[in-house]
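Trainee: quick one: sequence and predicted model below, then my questions.
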Amino acid sequence: MRIDINQKILAIGNQYKIYIDKKETYYAETELFSFLPIVNLYPIENLNPKLTMIKMLSWFKPKYKIRFPDESKIEFKSESYLKSFYRCKHNSDLYEIYGHVNRKYSVFKNNVQIASWDKDVVTF
C-alpha cells in the first residue's frame with residue numbers, strides 16, 4: 001500500500017489531500033482561528049470528520065488528543081525530546097513510532113512491526 005500526503009500550497013490554513021494507492025481517499029485541513037492547531041480528517045465523500053487531532057499545550061515534547069466521531073479519545077505523544085519516538089495507547093493496544101536515520105520510520109503494534117515509511121524532503 002502506498003500513501004501520499006500532498007499539502008496544498010497557498011491556502012488559508014493548511015490543507016492536505018491524502019491518496020491511497022494513487023486514489024484520493026481523504027483530505028485534511030486545520031481549523032482557522034484556534035490557539036493550538038486542530039486538524040480534521042475527512043473521507044473524500046463525506047463532510048463529517050473521521051477524526052480530529054488537537055495539539056495539547058506542552059513544554060518540550062509534542063502531545064496530541066485524537067477524537068473520533070463516537071467522542072472516544074486517545075492520546076498521541078512524543079516520548080523523547082532528542083529522538084523521534086512516539087507512543088499511543090488505544091484500548092489494550094500500544095502503538096509506537098520510531099524515527100531512524102535518513103527520514104525512515106517504523107510503526108509497532110504491541111511490539112510487532114506493522115508498517116514503515118520513508119519521508120521525502122520535497123516532492124513536486
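Mentor: Yep, it's here.

Trainee: centre-most residue in this protein?
Mentor: By C-alpha atoms, centre = their mean, the chain has its centre lying nearest to Met53, at 7.7 Å.

Trainee: check contacts around it.
Mentor: Ile38, Val39, Leu41, Tyr64, Lys65, Ile66, Arg67, Phe76 (C-beta atoms under 8 Å, 6 or more residues apart in numbering). All C-beta spots, glycine's among them, are computed from the backbone N, C-alpha and C.

Trainee: and the last one, how many neighbours does it have?
Mentor: Going back to what we said before, that points to Phe76. Using other C-beta atoms under 10 Å, Phe76 has 19 neighbouring residues.

Trainee: all strands for the chain, in order.
Mentor: For the chain, the strands defined by DSSP state E cover 3-7, 15-20, 23-30, 38-43, 51-55, 63-67, 73-78, 85-90, 93-100, 104-109, 112-118.

Trainee: hmm, back to that, any chance of TSV for the contacts of Met53, columns distance to Gln7?
Mentor: Below are the contacts of Met53 laid out as TSV (distance: C-beta to C-beta, whole Å):
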residue	distance to Gln7
Ile38	17
Val39	12
Leu41	14
Tyr64	18
Lys65	22
Ile66	20
Arg67	22
Phe76	20
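
Trainee: rank the strands of the chain by mean pLDDT and give me the bottom one.
Mentor: Ranked by mean pLDDT, these bottom out at strand 3-7, which scores a mean of 85.

Trainee: if I take that strand and strand 23-30, what angle do their directions form?
Mentor: Inter-element angle recorded for strand 3-7 and strand 23-30: 40 degrees (by axes from the mean of the first three to the mean of the last three C-alpha atoms, to 10 degrees).

Trainee: which strands and helices sit next to strand 3-7?
Mentor: Judged by 3 or more C-beta pairs under 8 Å, 6 or more residues apart in numbering; DSSP states H and E, strand 3-7 is in contact with strand 15-20.

Trainee: elements contacting the strand it packs on?
Mentor: Using 3+ C-beta pairs under 8 Å, 6+ apart, strand 15-20 sits against strand 3-7, strand 23-30.

Trainee: good, we can wrap up now.
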